[in-house]
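Student: Generate coordinates for the sequence data below:
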Amino acid sequence: MTAGPTSAEDTELPPHTVDAFHRGEFWLVQPSDTGHRAGMDALMLAAAVPSTFAGRLADFGAGAGAAGLAVASRCKQAKVLLVELTPEMARFATATLAHPGNASLRGRASVLVADVGLSGKARAEAGLADASLDFVIMNPPFNPSHHRPTPDALKRQAHVMDDGLFESWIRSAAAVVKPRGGLAIIARPEQLAAILAALDGRFGKAEIVPVHPRADAAAIRVIIRAVRASRAPLALCPPLILRDASDRLSQRADDISNGRSSLFGD
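Tutor: A predicted model of the protein is given here:
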């Protein structure tokens, strides 16, 4: 990830940076001192989507758009909807799409300001119609309220989890994804039970990849991929090890972070 020039469309935003991802395949306009800044979590989540994916995907809680655009960058036929609740972060997503470095992706991506926790008619009226998508990815706010609290309201909204969040977001994903469509989530390992409970009866064929900072360290993330209305059993997949013994990014992690490989090898 490298910094680049600010475009004319970005000049009225709050303080921000313009950063290259996938070795310059796409650029992200994101806040520099407030709100959420994207990193490896977004890139790992995007890598859960098969490289052959060519349908319509929504990035729930998209922020400035990193995960969704990482999918569009790697999957050349994918169409991406960046769904963000806060108008402030949606402005960054809109500026991201307007950036000259994203001209090749702009026709396949759009921004929707909406609450993914809505249900029924309210959700459809917000722009998320039932059975309208082929895949949903989500990086929900998964920090507990006592975890390193921040006075920044945008960061707090992006990072701190409300009660019942997984149930709410996964319920919405089940409504908007077509039968046999996909879902991918990144979260903390201790939240796996709540996620599996929310998937039950909605998504099956869950595949779980634990993410470890080093081979000798406990997992710090889990990435779960599942299929709408599938009855196939759960599978625990080989882990992703982020760094080798010399504290360098592992080859697999580097390939994933730069859009050269999918997380599940498909």
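
Student: for the stretch 101-250 of the chain, what are the low-confidence residue spans?
Tutor: Applying pLDDT under 70 to the stretch 101-250 of the chain flags residues 142-162.

Student: how about the helices in it?
Tutor: Remark: helices assigned in the stretch 101-250 of the chain by DSSP state H, counting those that start in this stretch are 120-125, 153-159, 165-176, 192-199.

Student: Figure out which of those helices is closest to residue 133.
Tutor: For those, the distance to residue 133 is smallest for helix 165-176, at 5.0 Å, taking C-beta to C-beta. No exception for glycine: its C-beta is placed from N, CA and C like everyone else's.

Student: between the closest one and helix 192-199, how big is the angle?
Tutor: In terms of direction (axes from the mean of the first three to the mean of the last three C-alpha atoms, to 10 degrees), helix 165-176 departs from helix 192-199 by 30 degrees.

Student: Touching helix 165-176 from outside, list them.
Tutor: Surrounding helix 165-176, the residues in contact under the criterion C-beta atoms under 8 Å, 6 or more residues apart in numbering are 58, 60-61, 116-119, 123, 128-133, 136, 138, 140-142, 183, 185, 187, 191, 194-195, 197-199, 202-203, 228.

Student: Flag every buried residue along it.
Tutor: 165-166, 168-176 (16 or more other C-beta atoms under 10 Å).

Student: taking the contacts of helix 165-176 one by one, which sit in strands?
Tutor: Residues of the contacts of helix 165-176 located in strands (DSSP state E): 58, 60, 133, 136, 138, 183, 185, 187, 203, 228.
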